[in-house]
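A.B. asks: the following block contains a protein sequence and its predicted model.
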Amino acid sequence: MFTQEVPTWFTTALEAIPEHHTIVVDGVVIAYQAWGSTDGDPVVLVHGGAAHAGWWDHIAPNLTARHRIIALHLSGHGESGHRHTYSLSQWASEVMAVAASESSTPPILLGHSLGGLIALTAAADAAHAIRGTLAIDSSITPQSEERWSHLPRINRREATIYPDRATILGRYRTLPEDDATLSYIRDYVAAGSIVQVEGGWRWRFDPAIFETAPWWNPDDLLSIQGDVALLLGRRGAGDSDIADWVQARFGDRIPVSVVEDSGHHVMLDQPLALTEELQKLVARWSEPEPAE
């Protein structure tokens, strides 16, 4: 299956089989998986667009020391149901519903790309209590809207059907591609990105997710009460000046860190570095509030 020698840390992580659950959110079945003790504080991992919860399978088991780690399939993705329309606010509702189904404790949200925008959307909603929010290589500057201008040209309501498994897997690509991507992780997430249907195989996401450009208003960062941080791949997020923009706009309130030798898909390019960053951040955000 894999096209590159697979290290022990990766196979060990995959041996930690998660629990699988479903809930219904606004009439649609949302599937999610969870690792660690149910007594642990909740951490919700939110995947990117056209991805699925399995993108976190090699990361999540290494975050369970004191936490309940939860990775959901957003509606229109993976094992979850589809909707007629999609929006950041709807996806944010799914994230918070899954967190609430697991614990009454305010969660930590860690989201990649589109998932980061969803996590920030949830955190900006005053109705939600959230311990901390991390957006991983999410485009948030005012220029980000331009990145989605191509989407109307790829809108499709009907998924392409491929004749066999080998053909569809041969078409799998990350956008954008990067030379640092580890092929054994790419192969793993690719295998979870397809489903057999009548007449062949298709991608496991609803093409309609692209019908609305998921642009997030960066000024909404000002309304977030909890901790917020950004993590970028060195060659990631289409806005190359994002760190400078955040520093100029928000100062030290929103820390920005960078994973070296990584493109946009940090968990595929530098998974160990990403895991280390997440471990430190989750530990810091989980510390008890100082007594007054």
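C.D. replies: Cool, the structure landed.
A.B. asks: hmm, Leu232 is touching Asp241, no?
C.D. replies: No: when contacts are counted by C-beta atoms under 8 Å, Leu232 is not listed as touching Asp241 (11.0 Å). (C-beta placed from N, C-alpha, C; glycine too.)
A.B. asks: quick one, which of these two is more surrounded?
C.D. replies: Counted by other C-beta atoms under 10 Å, Leu232 and Asp241 do not tie: Leu232 has more neighbours, with 24 against 12.
A.B. asks: which residues in the stretch 1-150 of the chain form strands?
C.D. replies: Here the stretch 1-150 of the chain has its strands, by DSSP state E, counting those that start in this stretch, at 19-25, 28-35, 41-46, 67-72, 108-112, 132-136.
A.B. asks: low-scoring stretches of the stretch 51-200 of the chain, by residue?
C.D. replies: 142-157 (pLDDT under 70).
A.B. asks: now do the helices in the stretch 51-200 of the chain.
C.D. replies: 88-102, 114-124, 165-170, 183-191 (DSSP state H, counting those that start in this stretch).
A.B. asks: out of those, nearest to Ser257?
C.D. replies: Ser257 lies closest to helix 114-124 among those, at 13.6 Å (C-beta to C-beta).
A.B. asks: CA atoms only: put that closest one into PDB for me.
C.D. replies: Presented in PDB, the C-alpha positions along helix 114-124 are these (Å, rounded to 0.1, in the frame of the first residue of the first chain):
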ATOM      1  CA  LEU A 114     -10.900  25.200   6.300                       C
ATOM      2  CA  GLY A 115     -11.100  23.500   9.700                       C
ATOM      3  CA  GLY A 116      -9.200  26.400  11.200                       C
ATOM      4  CA  LEU A 117     -11.700  28.900   9.800                       C
ATOM      5  CA  ILE A 118     -14.500  26.700  11.200                       C
ATOM      6  CA  ALA A 119     -12.800  26.600  14.600                       C
ATOM      7  CA  LEU A 120     -12.400  30.400  14.600                       C
ATOM      8  CA  THR A 121     -16.000  30.800  13.600                       C
ATOM      9  CA  ALA A 122     -17.100  28.700  16.600                       C
ATOM     10  CA  ALA A 123     -14.800  30.700  18.900                       C
ATOM     11  CA  ALA A 124     -16.200  34.000  17.700                       C
END
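A.B. asks: show me what it is packed against.
C.D. replies: strand 41-46, helix 88-102, strand 108-112, strand 132-136, strand 227-233 (3 or more C-beta pairs under 8 Å, 6 or more residues apart in numbering; DSSP states H and E).
A.B. asks: give me the most central residue, the protein.
C.D. replies: His47 (2.2 Å; C-alpha atoms, centre = their mean).
A.B. asks: pipe the helices and strands packed on helix 114-124 into a markdown table and attach distance to Phe250 per row.
C.D. replies: As requested, those are exported to a markdown table (distance: least, C-beta to C-beta, whole Å):
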| stretch | distance to Phe250 |
| --- | --- |
| strand 41-46 | 22 |
| helix 88-102 | 20 |
| strand 108-112 | 18 |
| strand 132-136 | 13 |
| strand 227-233 | 9 |
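A.B. asks: nearest to Asp26, of those?
C.D. replies: Among the helices and strands packed on helix 114-124, helix 88-102 sits nearest to Asp26 (C-beta to C-beta), with 6.8 Å.
A.B. asks: now the end-to-end length of stretch 167-178.
C.D. replies: 22 Å (C-alpha to C-alpha, to the nearest Å).
A.B. asks: kindly report the same for stretch 122-132.
C.D. replies: End to end - C-alpha to C-alpha - stretch 122-132 spans 11 Å.
A.B. asks: for that stretch, which positions count as buried?
C.D. replies: Ala122, Ala123, Ala124, His128, Ile130, Arg131, Gly132 (16 or more other C-beta atoms under 10 Å).
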